[in-house]
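**Q** dropping the sequence and predicted coords here.
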Amino acid sequence: MDAKAPITQDVMTIPRKPVEGKPNLVGLTRSQLRAALIGHGTPEKQAKMRVGQIWQWIYQWGVRDFAAMTNLSKAYRAQLAETFVIETPEVVSKQVSTDGTRKYLVRIAGGHEVEVVYIPEEGRGTLCISSQVGCTLTCSFCHTGTQKLVRNLTAGEIIGQVMMARDDLEEWPVPGAPKDETRLLSNIVLMGMGEPLYNFENVRDAMKIAMDDEGISLSRRRITLSTSGVVPEIERTANEIGCQLAVSFHATTDDIRNTLVPINKRWNIEALLDALRAYPRGRNSERITFEYVMLHGVNDSDEDAQRLIRLIEGIPAKVNLIPFNEWPGAPYKRSSNNRIRAFADIIYKAGYASPIRTPRGEDILAACGQLKSATERARKSRRQIASEAGL
Ligand code: SAH
Ligand code: SF4
């Protein structure tokens with residue numbers, strides 16, 4: 001690809017309101033919800049209060065049935081039920097790993113499927129959600145990148161994944177019960193299928209709902225968005241979402257990064273680092289996570305580790321080393337444990353935390369980069385994958 005060629009997105013968009021059927025309230029911002037209510041007969045003077053009430057029912061209590069919204073009049077509840085639905089993506093299958101990781105396949109409008117992974121940990125739990133069906137970018141080590149069909153998820157489909165997981169974990173609060181501060185679903189990572197910054201508005205609106213105090217109420221410090229490096233949207237992420245940032249760095253020279261993360265041809269390492277240096281932090285502890293997949297013989301030498309340290313100098317950072325998760329047809333091998341440890345050690349001695357990500361849910365293909373709808377048939381051939389990886 002020529003260095004100036006834009007990365008095309010080729011993403012289908014679908015209207016929020018299905019052609020037939022009632023509009024879904026899930027995923028609307030507060031102002032969109034207000035407009036929807038007024039548009040269907042709620043008097044303007046009452047709209048603010050109704051938004052607050054309905055919002056709390058949906059996002060604080062997890063209610064899906066208008067009839068259960070007992071602080072609204074019976075007639076108004078009936079009117080809402082006639083007009084709207086409260087819908088989250090349908091769970092097609094759920095697999096539970098021997099390590100407790102849960103992988104859900106969910107179906108969204110148009111029959112597309114995306115994967116959602118819940119990773120339980122001591123005293124907390126992380127939900128890895130998807131932002132697109134497939135991904136237009138074709139990182140050569142990523143299974144999702146081999147899926148051809150792509151569409152952006154709506155804000156409702158994104159926050160719907162969180163609501164679906166809370167359903168499955170039975171984590172909606174019961175009115176009157178004492179507040180339990182240990183949450184099973186305490187963190188969200190946008191590290192599933194898709195490039196979140198190629199679906200900026202919907203991801204932003206969904207995360208605003210997740211952070212809203214009168215609902216799911218997760219702190220912005222518990223939400224991490226991972227990007228392959230869509231430079232112009234990084235500043236917007238800080239300003240309009242304010243969540244934590246992770247970057248799929250993966251290489252220390254433009255040559256290698258061009259083959260691993262092709263968006264590097266559009267925004268190279270220098271441009272990416274400039275954007276990261278400008279990413280504001282609320283607190284000193286808020287560091288940028290550099291994700292670095294360990295590929296045997298490709299990006300895992302001591303020289304790579306040293307170059308990485310030089311590159312990130314001056315950026316409050318931690319380096320998350322991800323042992324490569326293999327998938328059928330993958331053109332790479334995972335670096336050995338000793339190599340990964342030696343690499344981690346060099347980074348650590350330079351003053352950066354360098355945790356090695358423990359692969360979770362490998363037995364159910366739920367680990368990073370392994371997500372791809374099983375029903376997605378439009379697969380690339382091994383040869384095509386290898387040639388795109390420059391092998
Ligand atoms: N599109 C975004 C977020 C999804 S990928 C991004 O690229 O950042 C989440 C993380 O998993 C990224 O760092 C990605 O590079 C990494 N990853 C992808 N495939 C992988 C694989 N096979 N093994 C290990 N990590 C992988
Ligand atoms: Fe897309 Fe991220 Fe996979 Fe690259 S690593 S193909 S950006 S999902």
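**A** Nice, I can see it. None of the values given here were measured: they were computed from a predicted structure. Ligands and ions are numbered 1, 2, ... in the order given.
**Q** for Ile188, which non-adjacent residue is closest in space?
**A** Nearest residue to Ile188 in three dimensions, chain neighbours excluded: Ile223, at 4.8 Å (C-beta to C-beta, 6 or more residues apart in numbering). Just so you know, the C-beta spots here come from the backbone N, C-alpha and C atoms, and that holds for glycine as well.
**Q** quick check: which element contains the residue with the largest distance to the centre of the chain?
**A** Ranked by distance from the centre of the chain (C-alpha atoms, centre = their mean), the top residue is Ala75, with 39.1 Å. Using DSSP states H and E, the element containing Ala75 is helix 74-83.
**Q** which other residues reach that helix?
**A** Lys22, Pro23, His40, Gly41, Thr42, Arg50, Ile54, Asp65, Phe66, Ala67, Met69, Leu72 (C-beta atoms under 8 Å, 6 or more residues apart in numbering).
**Q** could you report the distance from the third one to ligand 2?
**A** To ligand 2, His40 is 38 Å away according to C-beta to the nearest ligand atom, to the nearest Å.
**Q** for the fifth one, same thing?
**A** In this view, Thr42 and ligand 2 are 40 Å apart by C-beta to the nearest ligand atom.
**Q** swap in Tyr198?
**A** 8 Å.
**Q** check Ser130 too.
**A** From Ser130 to ligand 2 the distance is 9 Å (C-beta to the nearest ligand atom).
**Q** list the contacts for the residue nearest to that residue when sequence neighbours are not counted?
**A** Leaving aside its chain neighbours, Ser130 sits nearest to Gly192 (3.5 Å; criterion: C-beta to C-beta, 6+ apart). The contact partners of Gly192, taken as C-beta under 8 Å, 6+ apart, are Val114, Glu115, Val116, Val117, Cys128, Ile129, Ser130, Ser131, Leu371.
**Q** thinking again about what came up before, residues contacting the residue nearest to Ile188?
**A** By C-beta under 8 Å, 6+ apart, the residues touching Ile223 are Asn187, Ile188, Val189, Leu190, Met207, Ala210, Met211, Ile241, Cys243, Gln244.
**Q** hmm, 6 Å instead?
**A** Ile188, Met207, Cys243 (C-beta atoms under 6 Å, 6 or more residues apart in numbering).
**Q** packing partners for the one helix or strand Val91 maps to?
**A** Following DSSP H and E, one finds Val91 within strand 90-96. With contacts taken as 3 or more C-beta pairs under 6 Å, 6 or more residues apart in numbering; DSSP states H and E, strand 90-96 sits against strand 102-107.
**Q** sketch out the low-pLDDT regions of this structure for me.
**A** 1-20, 180, 282-284, 365-391 (pLDDT under 70).
**Q** again, only using 90
**A** 1-21, 110, 138, 143-150, 173-182, 279-286, 326-329, 358-391 (pLDDT under 90).
**Q** and the nearest residue to Val92 once chain neighbours are set aside, how far is that from Asn258?
**A** Spatial nearest neighbour of Val92, excluding adjacent residues (C-beta to C-beta, 6+ apart): Leu105 at 4.6 Å. Going from Leu105 to Asn258 by C-beta to C-beta, to the nearest Å gives 33 Å.
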